[in-house]
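Enquirer: Predicted model and sequence follow; I will ask about them next.
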Amino acid sequence: MSAPQQAPKIAMVLAAGLGTRMRPLTDDRPKALVEVGGKALIDHMLDRLAAAGVETAVVNVHYFADRLEQHLVRRAATHPLPHIVISDERPQALETGGGVKHALPLLGEDPIWVANIDSVWIEDASAIAAVARAWDPERMDVCLMLASTAGSLGFHDSGDVFLAEDGVVRFKDPGETAPLVYVGVHICKPQVVAGGPDGPFSLTPIWKALAADRRVHGVAPAGVWMHVGDPQARDAAEARLAGPGPTGST
């Protein structure tokens, strides 16, 4: 096995979604600014990334872009890291893959974190650090943070993937039930999106193609993951964060 790799210092934070399932909470704000436990979703993620040593976060904006940018300016006054760079998608939201491709000039060529803003979690030890320890660019192009369907809230019960003993990910076939779900954070080589189409596209087909060549790996750290996809899920996440847990907070 090759020597451990340095964790990425740059992250792409995907915050341009419309958040239609979160209405009415997103009637006057982007989903990234919906609060869970008294803190905006994007701040939960930025705080996690800062604790993991991320120095720069490229944040894409679309829906209520001005309001999100204003929030990030205010945050910078008290949270100098990560340094925020805006990837402007005001003309058109570009989905996960398209958003990363649009931001490539801002991201550089080294491996990056990519993070959604709709997951919060309670952990015994840093889950982000566990993904960083697993990352090996010689063996993989993508390393996903995964969670057990039994240890998560708000994700689909049928799961996404299977994880082999060597960390290789296999996506489930139609009709299968998988034990693990993707929880919105991964490391990847930014070049994986370079060949994607112009305009909006998803990362998932790219991952599935790479997985066929055993280039997608994953790690499933211990913890409780909560997907904040609608108002009911937000309420459930708040209740779980307020209750007993490994750390009691995010």
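Expert: Perfect, thanks for sending it.
Enquirer: Which residues does the top strand by length along the chain contact?
Expert: Secondary structure of the chain per DSSP state E: the longest strand is strand 180-188. Contacts with strand 180-188, where a contact means Cβ atoms under 8 Å, 6 or more residues apart in numbering, come from 8, 111-119, 121, 127-128, 131-132, 135, 141-149, 152, 155-156, 159-163, 218, 220, 225, 227. (Each C-beta comes from the backbone N, C-alpha and C, glycine too.)
Enquirer: roughly how far is it from the heart of the chain?
Expert: Its chain's C-alpha centre and that of strand 180-188 lie 6 Å apart, by Cα atoms, centre = their mean, to the nearest Å.
Enquirer: immediately after it, which helix or strand?
Expert: Note on strand 180-188: by DSSP states H and E, the next helix or strand toward the C-terminus is helix 204-211.
Enquirer: In the longest strand of the chain, which residues are buried?
Expert: For strand 180-188, a neighbour-count test (16 or more other Cβ atoms under 10 Å) marks 180-188 as buried.
Enquirer: residues touching the residue most central in space within the chain, list them.
Expert: Nearest to the mean C-alpha position of the chain, counting by Cα atoms, centre = their mean, stands Ala115 at 2.4 Å. Taking Cβ under 8 Å, 6+ apart, we find Ala115 in contact with 11-14, 45, 48-49, 184-186.
Enquirer: do the same with Pro200
Expert: So Pro200 contacts 92-95, 98 (Cβ under 8 Å, 6+ apart).
Enquirer: Please give the number of neighbouring residues around Thr26.
Expert: Applying other Cβ atoms under 10 Å, we find 20 residues neighbouring Thr26.
Enquirer: what about it, distance to Pro231?
Expert: Here the criterion is Cβ to Cβ, to the nearest Å. By it, Thr26 lies 9 Å from Pro231.
Enquirer: Quick check: next helix or strand after the worst-scoring helix or strand of the chain on mean pLDDT?
Expert: Least confident helix or strand of the chain, by mean pLDDT, DSSP states H and E, is strand 152-153 with a mean of 86. Heading C-terminal from strand 152-153, the first helix or strand you meet, by DSSP H and E, is strand 161-163.
Enquirer: hmm, who's touching that next one?
Expert: If you take Cβ under 8 Å, 6+ apart as the criterion, strand 161-163 is touched by 144, 146, 169-172, 178-182, 218, 220.
Enquirer: now, which of these sits nearest His62?
Expert: His62 lies nearest to Tyr182 out of those, by Cβ to Cβ, at 22.1 Å.
Enquirer: so what's that closest one bridging to?
Expert: Listed beta-bridge partners, Tyr182: Leu146 (assigned using DSSP bridges).
Enquirer: Over to Ser152?
Expert: Residues in beta-bridge contact with Ser152 (DSSP bridges): Trp225.
Enquirer: Now that it has come up, it's in contact with Val228, right?
Expert: No: judged on Cβ atoms under 8 Å, Ser152 makes no contact with Val228 at a distance of 11.8 Å.
Enquirer: And the strands in the protein?
Expert: Under DSSP E, the chain gives strands at 10-14, 35-36, 39-40, 56-61, 83-88, 112-116, 119-123, 142-148, 152-153, 161-163, 169-171, 180-188, 216-219, 223-227.
Enquirer: Turn these into TSV, including distance to Leu203.
Expert: Below are these laid out as TSV (distance: least, Cβ to Cβ, whole Å):
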stretch	distance to Leu203
strand 10-14	9
strand 35-36	24
strand 39-40	24
strand 56-61	13
strand 83-88	15
strand 112-116	8
strand 119-123	15
strand 142-148	9
strand 152-153	20
strand 161-163	14
strand 169-171	12
strand 180-188	8
strand 216-219	11
strand 223-227	17
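Enquirer: which of those has the lowest average pLDDT?
Expert: Lowest mean pLDDT within the strands of the chain: strand 152-153, a mean of 86.
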